[in-house]
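S.K.: Need coordinates for the below:
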Amino acid sequence: MNDELFLNERVEVVATFATGLNPCYPHKFRRANGRVVTIAEIGLRHPTTAGKRTVHVFDVTDGGADYRLEFDSERLTWHLTREGDRM
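M.R.: Sure thing, here's the model as predicted:
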């Protein structure tokens, strides 16, 4: 990501949960300003910890910009933590 913005914006996410190697797949999210971003591709997904909580990190793109979404599996909340322009 070039020209990254570091955020801590709570977002609403439409995601599917299933079985298999990648059980959670975010499809789109709505930002606080009402803008809806449709996810075209997931780059990386990995779990990390925040204290004793597990947070699932998703690097995604809509084709025009890159985003980092984080899902707190204990609090069941999503946050947009980074946004950057594609090269």
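S.K.: Name the residue closest to the centre of the chain, please.
M.R.: residue 69 (1.8 Å; C-alpha atoms, centre = their mean).
S.K.: In this protein, what residue spans correspond to strands?
M.R.: Ranges of strands in the chain, per DSSP state E, are 2-17, 24-30, 36-38, 41-50, 53-61, 65-72, 77-85.
S.K.: and among these, the most buried is which?
M.R.: Burial of the strands of the chain is given as mean neighbour count (mean count of other C-beta atoms under 10 Å); strand 65-72 ranks first at a mean of 19. Quick note: C-beta positions are derived from backbone N, CA and C, even for glycine.
S.K.: if you average pLDDT over that strand, what comes out?
M.R.: The average pLDDT within strand 65-72 is 96.
S.K.: Can you tell me the strand partners of that strand and which way each runs?
M.R.: Using DSSP bridges, strand 65-72 pairs in its sheet with strand 53-61 (antiparallel), strand 77-85 (antiparallel).
S.K.: Okay, angle between the first one and strand 2-17 too, please.
M.R.: Using axes from the mean of the first three to the mean of the last three C-alpha atoms, to 10 degrees, one finds that strand 53-61 and strand 2-17 are set 110 degrees apart in direction.
S.K.: got a list of contacts for strand 53-61?
M.R.: Applying C-beta atoms under 8 Å, 6 or more residues apart in numbering, the external contacts of strand 53-61 come out as 24, 26, 39-49, 66-75, 86.
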